[in-house]
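S.K.: structure here, sequence nowhere to be found:
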C-alpha cells in the first residue's frame with residue numbers, strides 16, 4: 001500500500017458496508033495495537049482514528065481497511081527521519097478551522113513542527 005487509507009474511505013463505507021465481522025475482539029485488538037503505534041508513527045493518526053470509530057459494530061470493510069493499514073506500515077518500515085548537525089531550532093505552525101464541519105459543527109486543528117530542516121509532525 002502506498003497510503004495509510006484509501007481515498008474517500010468513509011464514503012466507500014457508507015455505500016457498501018458489507019457483512020458484520022465475525023471476530024470483533026480481534027478487530028478491537030488490532031485497532032488497539034495501531035493506537036499504540038500512533039505514538040511513533042503520526043502519519044497513521046487519521047486512518048486509525050477513522051477505523052476506531054467502528055469498534056462497536058465492525059464490518060468486513062473495516063477489517064480490510066485495517067489490514068491495508070498494516071500493509072502500508074510493512075511497506076514503510078524502513079522510512080525515517082535523518083537529523084544532521086547544524087541549525088537545530090524548533091519551529092511550529094498551526095492551522096485551525098473553527099466550526100468547519102457541516103455535520104456536527106466541530107472545529108478542526110492541524111499542526112506541523114520542524115526541528116531544524118526535518119519535519120516532526
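M.R.: Now that the structure is in, tell me what you want to look at. The structure displayed is predicted, hence computed values, not measured ones.

S.K.: could you point out which element follows the helix or strand containing residue 74?
M.R.: Using DSSP states H and E, residue 74 maps to helix 60-75. Using DSSP H and E, the next helix or strand after helix 60-75 towards the C-terminus is strand 90-97.

S.K.: sheet partners, orientation included, of that next one?
M.R.: strand 108-115 (antiparallel) (DSSP bridges).

S.K.: which residues sit against stretch 62-76?
M.R.: 1-6, 9, 13, 21, 27, 30-31, 34, 37, 41, 44, 47-48, 50-51, 54 (CB atoms under 8 Å, 6 or more residues apart in numbering). Every residue, glycine included, has its C-beta placed from N, CA and C.

S.K.: er, stretch 94-109 actually
M.R.: Identification of contacts with stretch 94-109 by CB under 8 Å, 6+ apart yields 110, 111.

S.K.: can you get me the start-to-end distance on it?
M.R.: End-to-end distance for stretch 94-109: 7 Å, by CA to CA, to the nearest Å.

S.K.: how many residues are close by residue 92?
M.R.: 10 (other CB atoms under 10 Å).
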